[in-house]
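> For reference, the sequence and a predicted model appear below.
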Amino acid sequence: MSEEVIATFITAPNEEEAVKIARSLVESRLAACVNIVKNVRSIYTWQGKTEDDSEVLMIVKTRKDLFNELAARVKELHSYDVPEVIALPVTHGAEEYLKWLRESTG
């Protein structure tokens, strides 16, 4: 069953901060795996201005029931006032991978 599995997106200002957050999430078993994608360009509105920044994107594979704890941990470690922490449901996946993900978290 994949309905309990989510992919969470988190942006960070640089790779160093992303690695710090990713290691904490994996080592505490809040995530099974975190992919770090460099060179992401983000255009967004912040405090009434349009911003255009280079960021790093983390794709975090975890379980839905761990999201609140994961989001709290990210907020503790993140340098942004309002870090992006959004989750999408995983509707399908290789059963062997999903089994590994469940066993690697919690």
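Noted; the coordinates are in hand.
> Roughly how far does Lys75 sit from Lys99?
Here the criterion is CB to CB, to the nearest Å. By it, Lys75 lies 30 Å from Lys99. C-beta coordinates here come from the backbone N, C-alpha and C atoms, glycine included.
> So what does the spatially most distant residue from the centre of the chain look like in phi/psi?
In terms of distance from the mean C-alpha position of the chain, Gly48 ranks first, at 25.9 Å (CA atoms, centre = their mean). The phi/psi pair for Gly48 (degrees, to the nearest 10) reads phi 80, psi 0.
> same question, Ile21
According to degrees, to the nearest 10, Ile21 has phi -70, psi -50.
> This protein: helices as residue ranges?
15-27, 67-77, 95-104 (DSSP state H).
> Quick check: which of those helices is buried the most?
helix 15-27 (a mean of 17; mean count of other CB atoms under 10 Å).
> And the pLDDT at the residue nearest to Ile59 when sequence neighbours are not counted?
Excluding the flanking residues, the one nearest Ile59 by CB to CB, 6 or more residues apart in numbering is Asn35, at 4.3 Å. pLDDT recorded at Asn35 is 98.
> Asn35 and Glu51: what is the separation?
The value you get for Asn35 to Glu51, if CB to CB is used, is 24 Å.
> next one: Glu69
From Glu69 to Glu51 the distance is 29 Å (CB to CB).
> Near Ala12, how many other residues are there?
25 (other CB atoms under 10 Å).
> My read is that it contacts Val56, right?
Yes. Taking CB atoms under 8 Å as the definition, Ala12 is a contact partner of Val56 at 4.9 Å.
> Overlap in contacts, those two.
Residues touching both Ala12 and Val56 (CB atoms under 8 Å, 6 or more residues apart in numbering) are Ala18.
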